[in-house]
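Colleague: Show me how the following folds:
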Amino acid sequence: MKLKSLLSCALLGSIVSHASAETVIKILHIQSNSKIREIWQQAAQKFESTHPGVKVQFDYLENEAFKAKLPTLLQSSARPSAFHSWGGGVMYEQVGSGICQDISKSVNEGGFKDTFYPAAIQNFTVEGKIYGLPNDVAPIVLWYNKDLCQKAGIDPAQIKYWEDFVDAVKKCQAAGITPLAAGGKDKWPLHFYTALLMMRIQGKEGMEAAYQDKNGGFANPDVVKAFKFFQDFAALQPFQKGYLANTYNEAAGTFHDGKTAFHLMGSWDLVEGRANAADKKGLPDEKLGWIFFPEVKGGKGKANDLFASLDGWLITKEAPKETIDFMRVWLGKDIQTELAGPGLFIPAVKGTADVIQDPLLKQIAQEIDRTQWIEIAMDQLLGPDTGRVLNDMSADLASGNTTPEKAAKALEASWQQNKQ
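Modeller: Predicted coordinates:
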């Protein structure tokens, strides 16, 4: 019996030793695209083959479920090693609560930090410390239907200023063409207009001043001006009939079915928008074009100041040290080139734009490398509460349910209450 006990203990000790020897890098993501996930898995297998005893585990949550469950997961024993982030206010909260790890030293080693677009990695930097790495960038641009613009007598290349865009809308209406598609029910597509107008009028320094509560914060005259521009624009009835009851998917389908001349939307509209067309194919490349959101005369913002959805990864404090080592493979140029080629998204890694096969997506990707400023979606940057207020105010401005002055005051009041 004694011998049996000793053998049992030895066997148990062997099992425990083996189990504790395995290091698991747990990555929590929201990526539903099977092609992207396949390439990710290849990266994991490649890494595991050179790191015995280390396993990479990808855990998926649908977008809304992710938002709902993440706070609890981050406080639990099931906390991931790395998790999806849009940056902005939510990230500031997570960093401030001590959940995230300062990875500055690790990513600076060997010049890893320098493999990313500077403006992209800056969005995962808090007070000079890097807490995460960018994955992909999706700039918001003004897509247009070449055939409808030609029919309306519009040359999109000549739309340089806001007034030019307003004139284009009027030309469409005169030709019996619906100018724009918008998913007003979801509200966030409308905040693209208010945010971009703020950017074009105030410029980078002006936007930063508003965040820092200088010059009246978000209730300053330039924000009111931006809101007035949008409300006057919405009063022209430029959007499809019933747009305030339409979701993004419905609006994207409207544009890709060839029913509107323009659609202000992210680069993802090439894939997701087309999938919402009646034929599931949407407008082909030869019928599509894009331009930057126009500048405002006298404004301080530039056309190639990008407004974008920026996805990335935050690293938690207890993450295994091998997590960054895996990131060097996963977010390295080889794997990101595989993702870029077929246009699955625009990686935040330098040099990947050159291999993108889709010419429209390639053009957008090349602009990311040239820009000096990427402002992430403001409903993320401002944090969940104030971001929601901006989305609500954008919809209310469009419907005429508030004034520019009241909207600006409501935004500033929420920011004062909820800022970090």
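
Colleague: gap between Ala138 and Phe192?
Modeller: 12 Å (Cβ to Cβ, to the nearest Å). Just so you know, the C-beta spots here come from the backbone N, C-alpha and C atoms, and that holds for glycine as well.

Colleague: Overlap in contacts, these two.
Modeller: With Cβ atoms under 8 Å, 6 or more residues apart in numbering applied, the contact sets of Ala138 and Phe192 do not overlap.

Colleague: hey, where'd the helices end up in the stretch 301-420 of the chain?
Modeller: Remark: helices assigned in the stretch 301-420 of the chain by DSSP state H, counting those that start in this stretch are 322-330, 333-340, 359-370, 378-381, 384-399, 404-418.

Colleague: Give me the angle between the third one and helix 333-340.
Modeller: Angular relation of helix 359-370 and helix 333-340 on a 0 to 180 degree scale: 140 degrees, by axes from the mean of the first three to the mean of the last three Cα atoms, to 10 degrees.

Colleague: Pull out the buried residues from helix 359-370.
Modeller: Within helix 359-370, the residues that count as buried by 16 or more other Cβ atoms under 10 Å are 360-362, 364-365, 367-368.

Colleague: Give me the helices and strands touching that helix, please.
Modeller: The contact analysis (3 or more Cβ pairs under 8 Å, 6 or more residues apart in numbering; DSSP states H and E) places helix 359-370 against strand 132-145, strand 288-291.

Colleague: quick revisit: show me which of the buried residues of helix 359-370 is closest to Pro80.
Modeller: Distance to Pro80 across the buried residues of helix 359-370 (Cβ to Cβ) is lowest for Ile368, with 27.4 Å.

Colleague: correct me, but the closest one touches Tyr117?
Modeller: Yes. Contact criterion Cβ atoms under 8 Å: Ile368 and Tyr117 qualify, at 5.7 Å.

Colleague: Identify the contacts common to those two.
Modeller: Listed as contacting both Ile368 and Tyr117 by Cβ under 8 Å, 6+ apart are 137, 348, 374.

Colleague: Separate out the buried members of these.
Modeller: 137, 348, 374.

Colleague: need the residues you listed in JSON lines with pLDDT, can you?
Modeller: JSON lines is the format used below for those (pLDDT from 0 to 100):
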{"residue": "Val137", "pLDDT": "94"}
{"residue": "Ala348", "pLDDT": "95"}
{"residue": "Ile374", "pLDDT": "89"}
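
Colleague: Out of those residues, which is nearest to Pro80?
Modeller: So of these, ranked by how close each gets to Pro80 (Cβ to Cβ), first place is Ala348, at 20.2 Å.

Colleague: what's the closest non-adjacent residue to that closest one?
Modeller: Pro134 (3.6 Å; Cβ to Cβ, 6 or more residues apart in numbering).

Colleague: Neighbours of the one you found, how many?
Modeller: Counted with other Cβ atoms under 10 Å, residues neighbouring Pro134 total 24.

Colleague: again with Lys170
Modeller: Lys170: 14 surrounding residues under other Cβ under 10 Å.

Colleague: Now do the contacts for it.
Modeller: When contacts are counted by Cβ under 8 Å, 6+ apart, Lys170 touches Leu236.

Colleague: at 10 Å instead, please
Modeller: Residues counted as contacts of Lys170 (Cβ atoms under 10 Å, 6 or more residues apart in numbering) are 152, 179, 236, 238.

Colleague: Next, the third one: secondary structure please.
Modeller: Three-state assignment for Leu236 (DSSP: H, G, I helix; E, B strand; the rest coil): coil.

Colleague: how close does the spatially closest residue to it that is not a sequence neighbour get to Gln158?
Modeller: Nearest residue to Leu236 in three dimensions, chain neighbours excluded: Val169, at 6.0 Å (Cβ to Cβ, 6+ apart). Separation of Val169 from Gln158 (Cβ to Cβ): 14 Å.

Colleague: higher neighbour count, the two?
Modeller: Neighbour count, other Cβ under 10 Å: between Val169 and Gln158, Val169 has more, with 22 against 11.

Colleague: Just the element for that one, please.
Modeller: helix 162-174 (DSSP states H and E).

Colleague: Tell me the buried residues in that helix?
Modeller: The neighbour-count check on helix 162-174 (16+ other Cβ under 10 Å) flags 162, 164-166, 168-169, 171-173 as buried.

Colleague: Next: stretch 71-88.
Modeller: So for stretch 71-88, counting by 16+ other Cβ under 10 Å, buried means 73-74, 79-88.
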